[in-house]
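> here you go, sequence then predicted model.
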Amino acid sequence: MKEDSVENSQDLNENDLAKELAEKDLIIIGKNIVKNYEIGDFIVKAVDNVSLNVKVGEFITIKGPSGAGKTTLLNLLGGLDSPNSGIIYNQGVKISDMDQETLALFRLINSGFVFQNYNLISTLTAEENIMFPMNLSGVKFEEQRNRAVKLLREMRLGDRREHLPFQLSAGEQQRVAIARALANDPPVILADEPTANLDKRSSQFIRDLFKELKNGEKTIIIATHDDDLIALADTVITFDQGKIVEKETELN
Ligand code: ADP
Ligand code: MG
């Protein structure tokens, strides 16, 4: 497979990266990304000098053994975490050296996260969980509520507005989490093993949702071992020991 030139060239300056981003219809450029975790004297290279470009509207899945660094990579690409070194542009913005506060603002509008364990706020109802990111981004209350209701209906949870997370099944919680990720209509959706803990029927519902999102304009990056999700991908990345060991793509 042919790699994009920016991924091969070692010493591009940042102006060149910004130019590539604009010219090649890229939504994310990652260049030499490194993320280490230090536990005492021991250093885990969770993401080890990874370069990766993502095209606008691309559907990417990332597979690989547990501990490979998939979650860490997703978090870095979406701006949930910052790398030790390397450069990440996301939607024209350099996020790799943003402070935490600016990064939080960036995420709110630009990337929707779907977590493996849903991460809903336990004291808020399904509807309030979906309204939460809209509230933070300054959407008017009525509009927050209308959109939350609409999203809940799309998730076939129209009758679960007042339910707290513990009153919902795993599959239902994950659907609320996806609705929350879509609340501010971010161009990029990142999902971390979204079907890993779900029963067959819930998994199928989530796959169908991602299929619909793929037909929309969203750029989607999913860490997953789910063959049916992988089958939707334009690009399949295999990750191991912090590195991309294989990348198959139908795009060029
Ligand atoms: P995956 O999602 O592929 O299972 P992760 O990205 O969760 O992999 O983890 C990659 C490596 O980084 C693992 O060895 C893991 O133990 C380590 N790691 C992840 N998060 C942390 C953390 N917060 N502190 C220390 N080590 C971590
Ligand atoms: Mg993980």
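Thanks, I have the structure now. Ligands and ions are numbered 1, 2, ... in the order given.

> quick one, grab the pLDDT at whichever residue of the stretch 151-252 of the chain sits closest to ligand 1.
Closest to ligand 1 within the stretch 151-252 of the chain is A223: 6.2 Å, counting by CB to the nearest ligand atom. C-beta coordinates here come from the backbone N, C-alpha and C atoms, glycine included. Reading off the per-residue confidence, A223 sits at a pLDDT of 98.

> who's it bridged to?
Beta-bridge pairing of A223, defined through DSSP bridges, involves I62, D192.

> settle this for me: it is touching L74, isn't it.
Yes: counting by CB atoms under 8 Å, L74 is a contact partner of A223 at 5.6 Å.

> what about K45, how many neighbours?
Applying the criterion other CB atoms under 10 Å, we find 16 residues in the vicinity of K45.

> tell me the pLDDT of it.
Model confidence at K45, given as pLDDT, is 96.

> give me the secondary structure label for it.
Counting by DSSP: H, G, I helix; E, B strand; the rest coil, the backbone at K45 sits in strand.

> for it, give me its contacts.
With contact set as CB atoms under 8 Å, 6 or more residues apart in numbering, K45 has these partners: 34-36, 241-242.

> hey, where'd the helices end up in this structure?
Assigned helices in the chain, in chain order: 5-8, 14-23, 70-78, 100-110, 126-136, 141-154, 170-182, 200-215, 227-230 (criterion: DSSP state H).

> now do the contacts for the residue of the stretch 151-252 of the chain closest to ligand 1.
Contacts for A223 (CB under 8 Å, 6+ apart) come out as 61-63, 70-71, 73-74, 191-193.
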